[in-house]
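1. Sequence and predicted structure below; questions after.
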Amino acid sequence: MWIDTHCHFDVEEFAHDRTQVAADAYAQGVEAIAVIAYLAKYWPQLLSVCQQFKQPQLLPVLGLHPCYISEHQNSELAQLEQHLQNNDCIAIGEIGLDTYVAEIKQPEFYQKQQQFFAEQLALAKQYQKPVVLHVRKAHADVFKIIKQQKFSEGGIVHAFSGGVEEAKTYAKLGFKLGIGGSVTYPQAKRLHSVVNAMPIESLVIETDAPDMIPMPHRQENAKYTRNSPAYLPSVAHALAQAKQLSSEQLAQILWKNSCQALHLSLKSRDF
């Protein structure tokens, strides 16, 4: 029924109960989870976790996250290419640009961010893989690099934080917008405007677990701050209300959107 297009299911926060969380997510209709990388040293763990579950199916996405740019080494781009040659991942991510964090927007680090983004886009183009983008306060530069690279494989703009015009530009470039727990926040007015303005065919849903816990679960678990892929239906419910669709209608559309964005040919058990 549902695909969680962005989750960090390999991280330590899930180490003690990963099997139970997977079972809970599957029971909530989550049939597939894209497990997103951020540092090369954790890629082996991510790939190992993805091989451990069939329900839900775990889909590995490997890449070098811009917020950790100070730790990335050029040699890791060669490692990424080796994984692409082995067909170890369905997409490259999360990659992109971030000027929200003060340290990494300094010229030295921002130049390195742009280099790593461009080189990972080039690899995605070469191996015909979509990308999962992380972009904060850097949309114009992301557009520029995508166009410079003539990148046309598309993908997902994770936790989209731009405005309506930027959303339309991503859609023209072949990207879906990742909508997560923040769509359940009353104060997220800008995101609500984007959701209302964009056609449902441009959207996918995600949890970004263990981060971005949806509002209903925040209220239920005031002292428990870990998000879960099992909470994805809360995001879906908020989106269904915003777009005036039934859960069944939304599920079918989002399944198709997610498969398009990530170049998948998955079949749902429900339709």
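-> Yep, it's here.

2. going forward, measure contacts and count neighbours with C-alpha atoms only.
-> OK.

3. what's near enough to touch the spatially closest residue to Met215 that is not a sequence neighbour?
-> Spatial nearest neighbour of Met215, excluding adjacent residues (Cα to Cα, 6 or more residues apart in numbering): Thr184 at 5.6 Å. Contacts were defined as Cα atoms under 8 Å, 6 or more residues apart in numbering; by that measure Thr184 touches 214-216, 234-235, 238.

4. out of those, which are buried?
-> 214-215, 234-235, 238 (16 or more other Cα atoms under 10 Å).

5. Assumed Lys267 was part of a strand.
-> No: counting by DSSP: H, G, I helix; E, B strand; the rest coil, Lys267 falls outside a strand, being coil.

6. top helix in this protein by residue count?
-> helix 107-126 (DSSP state H).

7. Packing partners of that one?
-> helix 75-85, strand 91-98, helix 139-148 (3 or more Cα pairs under 8 Å, 6 or more residues apart in numbering; DSSP states H and E).

8. mind redoing it with 7 Å?
-> strand 91-98 (3 or more Cα pairs under 7 Å, 6 or more residues apart in numbering; DSSP states H and E).

9. who's in contact with stretch 15-30?
-> Identification of contacts with stretch 15-30 by Cα atoms under 7 Å, 6 or more residues apart in numbering yields 1-4, 55-56, 229-230.

10. Same question for stretch 102-113.
-> Contacts of stretch 102-113 (Cα under 7 Å, 6+ apart): 66-67, 69-70, 97, 99.

11. just checking, Thr207 touches His8?
-> No: Thr207 is not in contact with His8 according to Cα atoms under 7 Å; the separation is 9.0 Å.

12. Between these two, which has more neighbouring residues?
-> Taking other Cα atoms under 10 Å, Thr207 and His8 do not tie; Thr207 has more neighbours (32 against 22).

13. Next, work out how far apart the nearest residue to Arg269 once chain neighbours are set aside and Ala240 are.
-> Excluding its sequence neighbours, the residue lying closest to Arg269 (Cα to Cα, 6+ apart) is Met1, at 6.9 Å. Per Cα to Cα, to the nearest Å, Met1 is found 14 Å from Ala240.

14. Please apply the same query to Lys176.
-> Applying Cα to Cα to Lys176 and Ala240 gives a distance of 17 Å.

15. same deal with Asn86?
-> Asn86 is 38 Å from Ala240, by Cα to Cα.

16. Looking at the two, which has the bigger crowd around it?
-> The neighbour comparison of Asn86 against Ala240 (other Cα under 10 Å) goes to Ala240, with 18 against 9.

17. what sits up against the strand or helix carrying that one?
-> For Ala240, the host element (DSSP states H and E) is helix 232-243. By Cα under 7 Å, 6+ apart, the surrounding residues in contact with helix 232-243 are 4, 180-181, 183-184, 196, 205-207, 214, 246-247, 250.
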